[in-house]
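**Q** Provided below are the primary sequence and the corresponding predicted coordinates.
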Amino acid sequence: MNSQAPTVRRAGTLPLPDGRSTERWVLAAGGVTVELLDLGARLQSVRTPDRHGRPDEVVLGAEPGQLLGEGAYLGSIVGRYGNRIANGELPLDGAVHRLKTQDTGHTLHGGPDGFATRSWAAVPVADGVRFHLTSPDGDQGFPGTLDVSVSYLLDADGDLTIRYEATTDAPTVVNLTNHAYFNLAGTGGADVGDHLLHVHADAYLPVDADLIPLGPPAAVAGTHFDLTRPTRLSDRFADGGFDHNWILRPAPADRLRRAAELHHPASGRRLECLTTEPGLQVYTGNHFDGATGPAHAPHRRHAGIALETQHFPDSPHHPETYPSTVLRPGETYRSTTVYRFRTTVDADLA
């Protein structure tokens, strides 16, 4: 990719079905163009070139009318607790807080009216945009007023960094992530079955029928979940695809670690994911049924893959074995994830 100084600009607004509008921001550098929305502090679009220099869309988007319904999670920041908390029960400091739940009876991505549905305040910063949200005490049942900021930064090489910070006035839990779905084939890609995925993890969390972790991590060796070498995703679709958390290999505190690489050999596009988080939720769009996406190309099953850097699902119920997600007054929650967009010359799948 050609390096270029990043540009940041406002790009108008889009109307929403509830009468609100959402402001658009565009970042461009290194041959990569990123579109953001203040609704859900959302990564709405990423256009990046293939091996021949032809740019195309690599993030699944939705029509504005879908962003408060079926498409609410597409590209959004989810929280205040990304992933699941079993039965909507949050044990914390000897008390149990009752959280709002979805139809499953569990709390997913912060509850039915989580951060994905909120209008965040946006301000331009050097090389990007910072979004801010205040989540009041009792929001979706969570204790403490949470002050959150999420910054999207694009550097001269086209690397997209997402930086999260949060503070609280009372003990609470925080687990923020971005819920973008990637398809590196571009707009003509039917699904991600022809992508290769490599995850830097030797263990994962087995789950029950409701995708709640059963307990301790299990080794990936010899299982469907072994992605320690680049693996064609279609080889895993016969078993239903993925919606599981991998335990990333250890790294020094607050240092970026390699999480995953996603490669589409036919186009040459490659996505490298690095993070300070201990886990990676891999979700292969198992629920897509054509209800979201552009009218001419609705998202079908496995249309995209989410690489959600985060702490582990249901951590509050596993305080002895999972890294803590508790945030207390005087502390600052910090998390960083980097998505590097690259191209390769070799189209060989071997």
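**A** Cool, the structure landed. Residues are numbered from 1 along each chain as shown.
**Q** for the stretch 251-350 of the chain, which residues score under the pLDDT cut-off?
**A** 347-350 (pLDDT under 70).
**Q** which residues of it fall in strands?
**A** 257-264, 269-275, 279-283, 305-310, 326-327, 333-343 (DSSP state E, counting those that start in this stretch).
**Q** relative to residue 89, which of those is closest?
**A** strand 326-327 (15.3 Å; C-beta to C-beta). (Each C-beta comes from the backbone N, C-alpha and C, glycine too.)
**Q** mind giving me the packing neighbours of that closest one?
**A** For strand 326-327, the packing partners by 3 or more C-beta pairs under 8 Å, 6 or more residues apart in numbering; DSSP states H and E come out as strand 160-168, strand 172-173.
**Q** what residues does the first one touch?
**A** Residues outside strand 160-168 that contact it (C-beta atoms under 8 Å, 6 or more residues apart in numbering) are 32, 34, 46, 80, 128, 144-155, 174, 176, 178, 327-329, 331-341.
**Q** so of the helices and strands packed on strand 326-327, which one's packed in deepest?
**A** strand 172-173 (a mean of 26; mean count of other C-beta atoms under 10 Å).
**Q** other SSEs contacting that strand?
**A** strand 89-92, strand 326-327.
**Q** out of those, which gets nearest to residue 246?
**A** Per C-beta to C-beta, nearest to residue 246 of those: strand 326-327, 22.4 Å.
**Q** the closest one pairs with which strands, and in what direction?
**A** Using DSSP bridges, the strands paired with strand 326-327 are strand 172-173 (antiparallel).
**Q** now do the helix or strand that the strand it pairs with is followed by, average pLDDT.
**A** On the C-terminal side of strand 172-173, the closest following helix or strand by DSSP states H and E is strand 177-178. Strand 177-178 shows a mean pLDDT of 98.
**Q** just checking: what are the partner strands of strand 177-178?
**A** When DSSP bridges is applied, strand 177-178 pairs with strand 77-78 (antiparallel).
**Q** who's in contact with the strand it pairs with?
**A** Here strand 77-78 has contacts from 40-42, 109-110, 114-116, 120, 131, 150, 176-179, using C-beta under 8 Å, 6+ apart.
**Q** are any of the contacts of strand 160-168 buried, and which?
**A** 32, 34, 46, 80, 128, 144-155, 174, 176, 178, 327, 333, 335-341 (16 or more other C-beta atoms under 10 Å).
**Q** export the helices and strands packed on strand 326-327 to TSV and tack on mean pLDDT and distance to residue 244?
**A** Putting these into TSV (pLDDT from 0 to 100; distance: least, C-beta to C-beta, whole Å) gives the following:
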stretch	mean pLDDT	distance to residue 244
strand 160-168	98	22
strand 172-173	98	21
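**Q** mind putting the strands of the stretch 251-350 of the chain into a markdown table with distance to residue 241?
**A** As requested, the strands of the stretch 251-350 of the chain are exported to a markdown table (distance: least, C-beta to C-beta, whole Å):
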| stretch | distance to residue 241 |
| --- | --- |
| strand 257-264 | 14 |
| strand 269-275 | 18 |
| strand 279-283 | 8 |
| strand 305-310 | 9 |
| strand 326-327 | 32 |
| strand 333-343 | 21 |
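**Q** quick one: closest of these to residue 19.
**A** If we rank the strands of the stretch 251-350 of the chain by C-beta to C-beta, the stretch that ends up nearest is strand 305-310, at 29.4 Å.
**Q** show me what that closest one is in contact with.
**A** Contacts of strand 305-310 (C-beta under 8 Å, 6+ apart): 82-83, 175-183, 192, 195, 197, 233, 245, 259-260, 262, 271, 273, 275, 277, 279-285, 335, 337.
**Q** quick check, residue 40 in contact with residue 72.
**A** Yes: using C-beta atoms under 8 Å, residue 40 is in contact with residue 72, at 7.2 Å.
**Q** what do these two both touch?
**A** With C-beta under 8 Å, 6+ apart, residue 40 and residue 72 have common neighbours 116-117.
**Q** of those two, who's got more company?
**A** A count of neighbours by other C-beta atoms under 10 Å puts residue 40 above the other of residue 40 and residue 72, at 30 against 22.
**Q** how close does the closest residue to the more buried one other than its chain neighbours sit to residue 41?
**A** Excluding its sequence neighbours, the residue lying closest to residue 40 (C-beta to C-beta, 6 or more residues apart in numbering) is residue 76, at 3.2 Å. Distance of residue 76 to residue 41, computed by C-beta to C-beta, to the nearest Å: 7 Å.
**Q** contacting residues around residue 23?
**A** 10, 12-13, 37-38, 122.
**Q** still on that earlier bit, run a quick neighbour tally on the residue nearest to residue 40.
**A** 27.
**Q** just the pLDDT at it, thanks.
**A** 97.
**Q** now do the helices in the stretch 201-350 of the chain.
**A** Counting by DSSP state H, counting those that start in this stretch, the stretch 201-350 of the chain has helices at residues 234-237.
**Q** and the residue nearest to residue 30 when sequence neighbours are not counted, its phi and psi?
**A** Leaving aside its chain neighbours, residue 30 sits nearest to residue 158 (2.8 Å; criterion: C-beta to C-beta, 6+ apart). Dihedral pair for residue 158: phi 80, psi 20, per degrees, to the nearest 10.
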